[in-house]
Every structure is written in structure tokens, then in C-alpha cells.
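Enquirer: show me how the following folds:
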Amino acid sequence: MQDFSFYNPTRIEFGAGKIANLDQLVPVKARVLVLFGGESARRTGTLDEVTAALGDREVQLFGGIEPNPSFETLMEAVQMVREQNIEFLLAVGGGSVIDGTKFVAAAALYEGDAWDILLQGGQNITRALPFGSVLTLPATGSEMNKGSVITRKSLAAKLPFMSEHVYPVFSVLDPVKTYTLPTRQIANGVVDAFMHVMEQYLTYPANAPVQDRFAEGLLQTLIEIGPKALANPEDYQTRASLMWTATLALNGLIGAGVPQDWATHMLGHELTALHGLDHAQTLAIILPEMLRQRKATKLGKLVQYAERVWHIRDGSDDEKAEAAIEHTRNFFESVGVKTRLSDYELGAEHIDAIINSLEAHGMVALGEHGDVTPEHCRQILLASL
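Expert: Got it, this is the predicted structure:
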């Protein structure tokens, strides 16, 4: 196991009806800005529930944060925060709204061009407004971590940043809030959470048995409950397990003390920025061939993954690895997320632009060994057609 520093200050309030606890969680005299996405938060009554729980506090609303939150929209929120002297932010939505709120929290107090936060990966953040979240879509783990990904439409760029200043103070997780989500969003959430575990687990053996067993348990849970969550939207226990699994998949715990990959995510970001695919769709496309193209360096963990997660016992190590890769692809397909570029009407003619964008963003040495080059990514995309 590698040395590590683990810190996570986010308080979790988990269960049905927990939104009522906002009155105890948000500072009594704070001027609050509630940030949300589309009209679903209003239509389902969640927004009314939130504002009611905030009682007599001075509350303003900012809606319209898109999936893959845009720099352009978020800077409007930053201006509002500054003009209205907002003191506390409350994100109501899924990972995109929470990611966007993290950026607003940091950018509102940042002196200089806020885009520099993305260009420096958050290393230049020295302070941020406090904020909490009410999670309505389990997927990204943003409700309990320090990461965020922001898209700048005018540059067709999607970049991540991280800072310990943007941990949510608290997050409210009410599984009932997932009942009305479209099937596509639940399927994307299952794949996204699965991928977050894989990026931290499927690298190379690091003598970290606790992290491995924890990660394998999360993967097996997602395989077990993913189809159930799609088939029975109001099965509280299943939706509760999905929500908590997605949070644990990326709250820093399973990634502590182990090597991490994230090459699939970095390549996927370019696909979303250029072609608008859902984040989870990009991951489902890339991962199978990412694993196959890098099978030699990942073989030890691929065999472990095959045996422990998919219970594949027969065959050589290479055959076990191949079988595990195909089981993974089949799982993504089984929850309705397609795994080929051609499924999204993308072909070989689109690959040059993706690779050029990857290079422009400095993503030229990816993976746990830093040996995944743009040429490797080109071969992965060609194999994913």
C-alpha cells in the first residue's frame, strides 16, 4: 500500500424526508442561493420542499445549470453571488449541479480570470464559499468529494479541477428523490459509479487488500442492483443502495493508498465536449477497449477482477481477462448504455479531432503509469468503432 493523506469533512444526512434537516444544517442568518438544473426540481416539488425547509432565511434561486455544466452559465451565477452578497450556496440536483456549484463557490471569491481555475486544475484556489447539496441523481459522487468537471462551450473544452476548499459542508441523500428520474439517467448513474470504482481499482496489484475488497464489493453491488433499480423505480431499498454505492465509489476512501488510472475519463471528456454524448455513454464506449489495449500492464488486476467480481475460474490468465472485459461490456449493454462509437453515429472520420483536442488539453501521458499516449488513444477509439 502506498502512503496517503485522507480527509473528507462532508456530513451525510441519508434517508427519506431528510430535506427537513436543512433548517439545522444551513446557517440561520445566511443569505442563500439555491442552484438547480432544469424544471424537474420545480415540477417534482423538491424545490418547494427545499425552500420551505430553509424557513425565513433570505433565499434566491438560480436555475438552468446544464448536464456537463458550462462555464458560461456558471459565470452568470458567480455574478449573482457577488451582486447579492450571497453567503451560502445550496445545490439541488445531480452531479452536474453540484460540480457547477463547486465552481461557483470557488470562482465567486477568486481574483482574476476564473477560467484559470480549470487551467490549473484547482491548484490556485485558496478559498471558497461554503455550500451544501441535496442530491437527486446518484452517479458522480460529487456530493462527498472535492472534484468537479466544467465545460467551456466556446472552446469545446471539458476540464476537471480539485480542491479541498470545495468539499460540500453537508449533503442530503434521500433515495425517494430518485423515483421520478428517467430510465436513461439511472442507467447512466450505474455505469458512472461502476467506472469510478474501476479507475481506482483496475490498475496493478499494490498490496492493498482492504481497498481491493471494498472496491470489488461496490462493483458486485452495482452488478446486482443495477437491473433492479431500472425495473422497480420505487423500490426504496434498491434505490438507497444505489445512492450510497455511488457516493462511496468516489468519496476518496477506495482510492486512498492505491494507484489510479482515469485515462478512460480523460478521453471520455473529449467525446462529450466535441459531440455531446452523456458522460456515462463515453465511459461505456471507451473502457472495454482501454482494458484490452492495455491488457499486458493490467493483467494481474484483470485476472483478479475476473475471478473475484465475475467468478471466472476457467482458462488461462489471458482468457480470463478477455472474458472479464466482455462481461463488463455486456453489463453496460444490459442496463441500456451502448458501447460502440457507431451506436452514437460516430465514425473513424471523427477521431482526428478527438485526438487533437486531447493533445491541446495536455492529456498526452495518461493512466497509472503515464504511458497512455494520444496514439494509444487513437487505437482505442478505432477499436471502439
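
Enquirer: so Val92, which state does it fall into?
Expert: In three-state terms, and counting by DSSP: H, G, I helix; E, B strand; the rest coil, Val92 is strand.

Enquirer: in the sheet, who's paired with it?
Expert: Beta-bridge pairing of Val92 under DSSP bridges involves Phe36, Val134.

Enquirer: that one against Leu47, yeah?
Expert: Yes. The criterion here is C-beta atoms under 8 Å, and Val92 meets it with Leu47 at 6.4 Å. For glycine as for every other residue, the C-beta is placed from the backbone atoms N, C-alpha and C.

Enquirer: those two - which one has more neighbours?
Expert: Val92 (29 against 20; other C-beta atoms under 10 Å).

Enquirer: let me see the contact set for that one.
Expert: Taking C-beta atoms under 8 Å, 6 or more residues apart in numbering as the criterion, Val92 is in contact with Val34, Leu35, Phe36, Ala41, Thr46, Leu47, Val50, Ser133, Val134, Thr136.

Enquirer: farthest-separated two in those residues?
Expert: Leu47 and Ser133 (13.8 Å; C-beta to C-beta).

Enquirer: in the stretch 201-350 of the chain, where is pLDDT below threshold?
Expert: When residues are selected by pLDDT under 70, none of them lie in the stretch 201-350 of the chain.

Enquirer: identify each of the helices in it and give its residue range.
Expert: For the stretch 201-350 of the chain, helices defined by DSSP state H, counting those that start in this stretch occupy the ranges 209-231, 236-249, 263-275, 279-293, 295-309, 317-334.

Enquirer: between these, which one is nearest to Ala16?
Expert: Per C-beta to C-beta, nearest to Ala16 of those: helix 236-249, 7.3 Å.

Enquirer: in that closest one, what counts as buried?
Expert: Neighbour-count burial for helix 236-249, with 16 or more other C-beta atoms under 10 Å as criterion, is recorded at Thr238, Arg239, Ala240, Ser241, Leu242, Met243, Trp244, Thr245, Ala246, Thr247, Leu248, Ala249.

Enquirer: okay, the residues you listed in a markdown table with distance to Asn188 next?
Expert: Shown next, in a markdown table, are the buried residues of helix 236-249 (distance: C-beta to C-beta, whole Å):
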| residue | distance to Asn188 |
| --- | --- |
| Thr238 | 17 |
| Arg239 | 15 |
| Ala240 | 19 |
| Ser241 | 17 |
| Leu242 | 12 |
| Met243 | 14 |
| Trp244 | 18 |
| Thr245 | 14 |
| Ala246 | 11 |
| Thr247 | 16 |
| Leu248 | 18 |
| Ala249 | 14 |
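
Enquirer: Ser40 - how many residues pack around it?
Expert: Using other C-beta under 10 Å, Ser40 is surrounded by 17 other residues.

Enquirer: pLDDT wise, what is it at?
Expert: For Ser40, the model assigns a pLDDT of 89.

Enquirer: that one contacts Thr180, doesn't it?
Expert: Yes. Counting by C-beta under 8 Å, Thr180 is a contact partner of Ser40 at 7.3 Å.

Enquirer: still on that earlier bit, closest one to Lys102 out of the buried residues of helix 236-249, please.
Expert: Relative to Lys102, the closest of those is Thr247; by C-beta to C-beta it sits at 15.6 Å.

Enquirer: the closest residue to the closest one other than its chain neighbours: what's it in contact with?
Expert: By the measure of C-beta to C-beta, 6 or more residues apart in numbering, the closest residue to Thr247 outside its immediate chain neighbours is Met144, 5.2 Å from it. Each residue near Met144 by C-beta under 8 Å, 6+ apart is listed here: Asn8, Thr10, Ile12, Tyr167, Pro168, Ser171, Thr247, Leu250, Asn251.

Enquirer: which of these are buried? Put it as a ChimeraX command.
Expert: Per 16+ other C-beta under 10 Å, the buried members of the contacts of Met144 correspond to this ChimeraX selection:
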select :10,12,167,168,171,247,250,251
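
Enquirer: list just the nearest of the contacts of Met144 to Ala296.
Expert: Checking those against Ala296 with C-beta to C-beta, the nearest one is Leu250 at 27.4 Å.

Enquirer: tell me who's in contact with the nearest residue to that closest one once chain neighbours are set aside.
Expert: Take Leu250 and drop its neighbours on the chain: the residue closest to it by C-beta to C-beta, 6+ apart is Gly141, 2.9 Å away. With contact set as C-beta under 8 Å, 6+ apart, Gly141 has these partners: Gly95, Ala193, His196, Ala246, Thr247, Leu248, Ala249, Leu250, Asn251.

Enquirer: quick one: pLDDT of the third one?
Expert: Right, His196. On pLDDT, His196 comes in at 97.

Enquirer: tell me which residues touch it, please.
Expert: So, once contact is read as C-beta under 8 Å, 6+ apart, His196 ends up touching Thr140, Gly141, Ala246, Ala249, Leu250.

Enquirer: same check on the first one?
Expert: Contact analysis of Gly95 by C-beta under 8 Å, 6+ apart lists Leu137, Ala139, Thr140, Gly141, Ser142, Glu143, Asp192.
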